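Peer 1: how would this look folded up:
(chains A and B)
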2 protein chains.
Amino acid sequence: MEIDLSPLTDFLVAEELDAYLIDDDATDSDQRYVSGFSAPDAYQTLVTPDGEIHLLVSGLEYGRAVKESGADTVTRHATYDSQELIAEHGRYEGFLRVLEQFLEDRGVASVAVPRSFPTGTADGLRDRGLEVTVESDGIVGELRSVKHDEEIEHVHRTQRANQAAMAVAESLIAGADVEDGVLHHEGEPLTSERVTEEIEVALLRNGCSLDETIVACGEHGADPHDRGSGPLEANELIVIDIFPRDKETKYFGDMTRTFCRGDPTDEMRRRYEVTHEAFEAGLEAIEPGATGAVVHDAVCDVIEDAGYATFRSDPGTETGFIHSTGHGVGLDIHESPSLSPSGEELEVGHVVTVEPGIYDPAVGGVRIEDLVVVIEDGYENLTDYPIDLEPSVRAEPSEWAQAESTE
Amino acid sequence: MEIDLSPLTDFLVAEELDAYLIDDDATDSDQRYVSGFSAPDAYQTLVTPDGEIHLLVSGLEYGRAVKESGADTVTRHATYDSQELIAEHGRYEGFLRVLEQFLEDRGVASVAVPRSFPTGTADGLRDRGLEVTVESDGIVGELRSVKHDEEIEHVHRTQRANQAAMAVAESLIAGADVEDGVLHHEGEPLTSERVTEEIEVALLRNGCSLDETIVACGEHGADPHDRGSGPLEANELIVIDIFPRDKETKYFGDMTRTFCRGDPTDEMRRRYEVTHEAFEAGLEAIEPGATGAVVHDAVCDVIEDAGYATFRSDPGTETGFIHSTGHGVGLDIHESPSLSPSGEELEVGHVVTVEPGIYDPAVGGVRIEDLVVVIEDGYENLTDYPIDLEPSVRAEPSEWAQAESTE
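Peer 2: Numbers count the residues shown, from 1 in each chain, chains lettered A, B, ... in the order given. Next up, the predicted model:
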């Protein structure tokens, strides 16, 4: 993928800085995006005003870096006698001396760094007379927020795998036997943990992995980030939020559905309907030029009109709609732009979730979430999965991984 | 688990600093260790000289943080009108103002921060007149390197799951049909990708996840970090390196075995034997008071005596033993101490890998790795899995997850 780093190089020229430097590991998506490479241990990426990319990696990563990265040059720490320097000065000071030589060899005396750049490295370079300036606008993050077609297809593929996993989870709940108000599967109580395990296996079979999943019943579901645990109960709201990552492309997907096996109360049904209405209102507000704040307001309007609190109507509330409407999704599960009071202007190519919810420990939680991409005349939904409080057995879960999105 | 933060609080007192501040997310194991909490998005952990721990988290994480963390106080960003501040000043400046108030409320005017602390936050606090000093010795990392019994059991449990996964992989290779020199399973070529998938499913069934696994055949295996791809071949060396993480405890395991299906060449056999001998020499050198450098030297001696290059005999070599002997394992897959030229003194409770290898694209790669804990009279091996170049079908892979370690 050809990425355009000109906003970054223009910044370097305007600020009269010699380079942009990243010092992080595979967990930093900015570095992955800029270098076209990732590694479990820390490595360094240098972008010069001419747009060239230079990597500094461990000997262990050298072979892969040369093969896989899009860098113009790849240098091993050992080139600067890293082992000897570390043995003599310790890992921290030794690394700083290696980095100092790497920069010196490229005539770099001043660098811009991301906000997340390690203070230890920044101060170490400053102690050596280099100028270190924080690039505080997050230029790379902004670059990443506007997706190329190739990236949109990556997210779409992950979301299809996500649909197959949701179908497995929904089918387990829909097909469970109810004994003493508890869902049972194959004679055992059906727990959040068991459903989560089957979601993860389904994702693995579709090339995705995930660190955490939310399968939260009743009161658990009323805490938006409670992962859920224990037996799933009938007549309770069950929130299932799955955010897998494709193991090859590293792009995320994100979807939430809420189910109730048995008889939801009228209040549960009402909250589900209000959330669904707010969800639709949010989607309708999405178009290029609209701000994330406007989309968030459209969602809050519906929820507040129905008589439920939001952070907008009561910043201190612990019930009602107690999070923002959505967030960008790409190489990070949470990235720019945001659909929140501080939400910036939406652009074609932004990929965002729309995920209103209503929460109360006394009732449980409801959340409905799709993942969409902003297009010229509004949005295209990258999710194609039914929205229904009552769970159904999905005959062929794997088929949902092939499903085409609605346009 | 009761952790002793006195080395950190002693440092604060000695340096006359008001607190130690971490600003990171779940990927930072130091913060997980100190706060007893983790979250997908950034949160802040403040340790004061009296040993109290104060968390600053998003509203989304508040409920879990109160329930799960060992913190003395938990504060929500919203307490400081974060939404309004972010809406007015942007996410970056808004967050800095929230953090500034959080510190001010606790009378904190000077902080020590880890080397990895975001430069953006450090410079932002400095611009506001706060003193920010990098704690460059990595006190928390040192604390983490000496494991409590509870942590050792966590690592041991992960390593047992690892054994079950290795048994699945070894059995696939041992049981494969050989057609035209390529391993086949159920009529299909047996690929690195397929073996990796079965490893991951086995790990999931045992409560573990992993981002990457190495199943590297032939030339792939000669690059220590090549994950491997494509069909596995007979009469070639196949390196399998599995480093899973328990999803509940978050502690890692790590093990490598090398197999050859069919007839390895005499040179392959010799490299396997030399690697195995170096592996045993490394284990024998492990005891409290010995340095990681001494253990590394013991391994290099064997490999060099057999006529193969190491980074010690030739820092620029791209064949032979081209990495260090081992590393600490815990909440991070690579942590202190290291078994390398810069390896520090080993202490009771250190958990380290011993993983010599010999690499050459013309022959392939050999690596043998176990995970051990340093004890009073040497080491206890947390790994109990056969070491044999010729793969065997393991009748009940899951039993390896229950296996007791040899003592």
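Peer 1: shouldn't residue A:166 be in contact with residue A:243?
Peer 2: No. Residue A:166 is beyond contact range of residue A:243, at 11.5 Å (criterion: C-beta atoms under 8 Å). Every residue, glycine included, has its C-beta placed from N, CA and C.
Peer 1: tell me, what's touching these two both at once?
Peer 2: residue A:255 (C-beta atoms under 8 Å, 6 or more residues apart in numbering or on different chains).
Peer 1: now the lengthiest helix in chain A: how far from the chain's centre is it?
Peer 2: When chain A is parsed with DSSP state H, its longest helix is helix A:149-175. On the basis of C-alpha atoms, centre = their mean, to the nearest Å, helix A:149-175 sits 15 Å off its chain's mean C-alpha point.
Peer 1: what's in contact with the helix or strand that that helix is followed by?
Peer 2: As assigned by DSSP states H and E, the chain's next helix or strand after helix A:149-175 is strand A:177-179. With contact meaning C-beta under 8 Å, 6+ apart, strand A:177-179 is reached by A:183-185, A:234, A:261-262.
Peer 1: next one: strand A:177-179 to chain centre, how far?
Peer 2: 36 Å.
Peer 1: what's the answer for stretch A:57-71, then?
Peer 2: The answer for stretch A:57-71 is 26 Å, by C-alpha atoms, centre = their mean.
Peer 1: likewise for stretch A:240-253?
Peer 2: In terms of C-alpha atoms, centre = their mean, the centre of stretch A:240-253 is set 8 Å apart from its chain centre.
Peer 1: buried residues in that stretch?
Peer 2: By 16 or more other C-beta atoms under 10 Å in any protein chain shown, the buried positions in stretch A:240-253 come out as A:240-247, A:249-253.
Peer 1: of those residues, closest to chain B?
Peer 2: The shortest approach to chain B among the buried residues of stretch A:240-253 belongs to residue A:247, at 7.7 Å (C-beta to the nearest C-beta).
Peer 1: can I get the contacts of strand A:177-179 in JSON lines with neighbour count?
Peer 2: Converted to JSON lines, the contacts of strand A:177-179 look like this (neighbours: other C-beta atoms under 10 Å in any protein chain shown):
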{"residue": "A:183", "neighbour count": "26"}
{"residue": "A:184", "neighbour count": "15"}
{"residue": "A:185", "neighbour count": "17"}
{"residue": "A:234", "neighbour count": "19"}
{"residue": "A:261", "neighbour count": "23"}
{"residue": "A:262", "neighbour count": "12"}
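Peer 1: which ones among those map onto strands?
Peer 2: Using DSSP state E, the subset of those located in strands is A:183-185.
Peer 1: closest to chain B out of those residues?
Peer 2: Distance to chain B, by C-beta to the nearest C-beta, is smallest for residue A:185 among the ones in strands among the contacts of strand A:177-179, at 15.8 Å.
Peer 1: quick revisit: filter the buried residues of stretch A:240-253 by proximity to chain B?
Peer 2: With C-beta under 8 Å from any C-beta of the partner chain as the criterion, those include residue A:247 near chain B.
Peer 1: from the buried residues of stretch A:240-253, which has minimum pLDDT?
Peer 2: In terms of pLDDT, the lowest of those is residue A:247, showing 89.
Peer 1: next up, the contacts around the closest residue to it other than its chain neighbours.
Peer 2: Spatial nearest neighbour of residue A:247, chain neighbours left out: residue A:209 (5.3 Å); criterion: C-beta to C-beta, 6 or more residues apart in numbering or on different chains. Contact analysis of residue A:209 by C-beta under 8 Å, 6+ apart lists A:200, A:203, A:244-245, A:247, B:200, B:209-211.
Peer 1: what helices or strands is the longest helix of chain A leaning on?
Peer 2: Applying 3 or more C-beta pairs under 8 Å, 6 or more residues apart in numbering or on different chains; DSSP states H and E, we find helix A:149-175 packed against strand A:182-185, helix A:192-205, strand A:208-209, strand A:237-242, strand A:245-246, strand A:255-260, strand A:351-354, strand A:370-375.
Peer 1: so which residues of chain A form helices?
Peer 2: With DSSP H, the ranges of helices along chain A come out as A:6-14, A:29-35, A:59-68, A:82-89, A:91-105, A:119-127, A:139-145, A:149-175, A:192-205, A:266-284, A:292-305.
Peer 1: tell me the contacts of residue A:93?
Peer 2: A:85, A:124.
Peer 1: could you do residue A:35 as well?
Peer 2: A:22, A:43, A:45, A:53, A:55, A:69-71.
Peer 1: report the buried members of the residues you listed.
Peer 2: For the contacts of residue A:35, a burial check counting by 16+ other C-beta under 10 Å picks out A:22, A:43, A:45, A:53, A:55, A:69, A:71.
Peer 1: between the residues you listed, which is nearest residue A:350?
Peer 2: Residue A:350 lies nearest to residue A:22 out of the buried ones among the contacts of residue A:35, by C-beta to C-beta, at 23.3 Å.
Peer 1: among the contacts of residue A:209, which pair sits farthest apart?
Peer 2: Checked with C-beta to C-beta, the contacts of residue A:209 reach their widest spread between A:244 and B:210, with 14.4 Å between them.
Peer 1: re earlier: okay, the angle between the longest helix of chain A and strand A:370-375?
Peer 2: 160 degrees (axes from the mean of the first three to the mean of the last three C-alpha atoms, to 10 degrees).
Peer 1: quick one on the thing from earlier: hmm, which of the buried ones among the contacts of residue A:35 is lowest in pLDDT?
Peer 2: pLDDT across the buried ones among the contacts of residue A:35 is lowest for residue A:69, at 89.
Peer 1: so it sits right up against residue A:36, yeah?
Peer 2: Yes. Residue A:69 is within contact range of residue A:36, at 5.1 Å (criterion: C-beta under 8 Å).
Peer 1: which segments of chain A make up each domain?
Peer 2: Residue ranges for the domains of chain A, per automatic domain parsing: A:6-144, A:146-401.
Peer 1: least confident of the helices and strands packed on helix A:149-175, on average?
Peer 2: Lowest mean pLDDT within those: strand A:208-209, a mean of 90.
Peer 1: quick one, what contacts residue A:379?
Peer 2: Counting by C-beta under 8 Å, 6+ apart, residue A:379 has contacts A:283, A:286-287, A:372-373.
Peer 1: below-threshold pLDDT in chain A: ranges please.
Peer 2: A:403-407 (pLDDT under 70).
Peer 1: which of the contacts of strand A:177-179 sit farthest apart?
Peer 2: Between any two of those, the greatest separation by C-beta to C-beta is 15.3 Å, found for A:185 and A:262.
Peer 1: got the residues of the stretch 301-407 of chain A near chain B?
Peer 2: Contact residues (C-beta under 8 Å from any C-beta) of the stretch 301-407 of chain A with chain B: A:311, A:315-316, A:322-323, A:333-334, A:338, A:340-342.
Peer 1: can you rerun that using 7 Å?
Peer 2: Contact residues, the stretch 301-407 of chain A versus chain B (C-beta under 7 Å from any C-beta of the partner chain): A:311, A:315-316, A:322-323, A:333-334, A:341-342.
Peer 1: which of the residues you listed are buried?
Peer 2: With burial judged by 16+ other C-beta under 10 Å, the buried subset of these is A:311, A:315, A:322-323, A:333-334, A:341-342.
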